[in-house]
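>>> quick one, what's the 3D model for this:
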Amino acid sequence: MDELKELVTKLERAFHDRLVSVVLYGSAAGEDHHAKFSDLNVLCVLKEITPRELLESEPILKWWREHGHPAPNIMTEEEAHHSSDCFPIEFRDMKDRRKVLYGLDVIADVKIDDKFYRAQIEHELRSKLFHLRQQGARVLSDPVALMKLCLDSVSTFCTLGRHALIASGVHSKTDKRAIVRQLGHTLKMDVTPFETLLDVREDKPGPEGNSMGDPGELFAAYLQCIQRMIEFVDKLE
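Purely as a prediction, here's the structure:
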């Protein structure tokens, strides 16, 4: 992708030999990449990070955000090698799906400490559910806004569902639809709300009998699925 190449070029020009690695990770680096919906998550590793590096990165980060992408994660080598116990979800995503765009593969030798993995999954699920409820309460009478809220969040909950499966010992897929099917089978729950949202998000006709229906009802069923995921993770050892 041209924007990724340009990002790497800008980082090289700004940091020269202080730039250690640039890594694309997550769905954009995997088989389930969707040009319209997959965020370009980038890890930028520098030898050190001082106010100088932050100042030099400012115009690059501004340019990248103006193109609609999340700001790159900027870390030192030491942080990249010793932060996996604090951010096991993020580093597991990097381990599972990544493309080195520049320099060293700093993630290759990172060990994932599962000590706090389950707790982080539950924390992320609960905090994002609380946020979804709060935002939903503001737009419940607006079907268009309510649907957008659901569509904007479904990818995140699919990702957290994948980590919930991994934490339970299931060899999880990476494709979002495959993850949803696995969640339905493992948790023995109806995942129609997830399937419907993925259909709408990708402008695909839903499976037979799976129309969008009333956004308010869809939102309620969606919340129930997320709550079921939280209960599942909460019971894991």
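>>> just the residues contacting the strand or helix carrying residue 138, thanks.
In this structure, residue 138 sits in helix 117-139 according to DSSP states H and E. Under the contact criterion C-beta atoms under 8 Å, 6 or more residues apart in numbering, helix 117-139 has outside partners 87-89, 92, 145-146, 149, 153, 156-157, 160, 163-164, 167, 219, 223, 226-227, 229-230, 233-234, 236-237. C-betas here are computed from N, CA, C, even on glycine.
>>> mark which of these are buried, thanks.
Buried by 16 or more other C-beta atoms under 10 Å: 87-89, 92, 146, 149, 153, 157, 160, 163-164, 167, 219, 223, 226, 229-230, 233, out of the contacts of helix 117-139.
>>> what about the helices in this protein?
Remark: helices of the chain, listed N- to C-terminal, are 2-15, 51-66, 77-82, 88-96, 117-139, 143-167, 176-187, 192-201, 215-234; assignment by DSSP state H.
>>> grab the nearest non-local neighbour of residue 53.
The shortest distance from residue 53 to any residue other than its chain neighbours is 5.8 Å, reached at residue 46 (C-beta to C-beta, 6 or more residues apart in numbering).
>>> quick one: the least confident helix or strand in the chain by mean pLDDT to helix 143-167, angle?
For the chain, using mean pLDDT, DSSP states H and E, the weakest element among its helices and strands is helix 88-96, scoring a mean of 91. Comparing the axes of helix 88-96 and helix 143-167 via axes from the mean of the first three to the mean of the last three C-alpha atoms, to 10 degrees yields an angle of 80 degrees.
>>> what's the burial count for residue 162?
With neighbours defined by other C-beta atoms under 10 Å, the count for residue 162 comes to 26.
>>> same question but for residue 48, I mixed them up
Residues lying near residue 48 (other C-beta under 10 Å) number 11.
>>> please name the nearest non-neighbouring residue to it.
residue 76 (5.8 Å).
>>> want to throw the helices of the chain into JSON lines with distance to residue 104?
As requested, the helices of the chain are exported to JSON lines (distance: least, C-beta to C-beta, whole Å):
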{"stretch": "helix 2-15", "distance to residue 104": "14"}
{"stretch": "helix 51-66", "distance to residue 104": "18"}
{"stretch": "helix 77-82", "distance to residue 104": "9"}
{"stretch": "helix 88-96", "distance to residue 104": "13"}
{"stretch": "helix 117-139", "distance to residue 104": "25"}
{"stretch": "helix 143-167", "distance to residue 104": "26"}
{"stretch": "helix 176-187", "distance to residue 104": "30"}
{"stretch": "helix 192-201", "distance to residue 104": "36"}
{"stretch": "helix 215-234", "distance to residue 104": "34"}
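>>> I'd like to know which of those helices is closest to residue 41.
helix 88-96 (7.9 Å; C-beta to C-beta).
>>> and the contacts of the closest one?
Looking at helix 88-96 with C-beta under 8 Å, 6+ apart, the contacting residues turn out to be 23, 25-26, 30, 41, 43, 73, 83-84, 107, 110, 112-114, 116-117, 120-121, 124, 159-160, 163, 166, 174.
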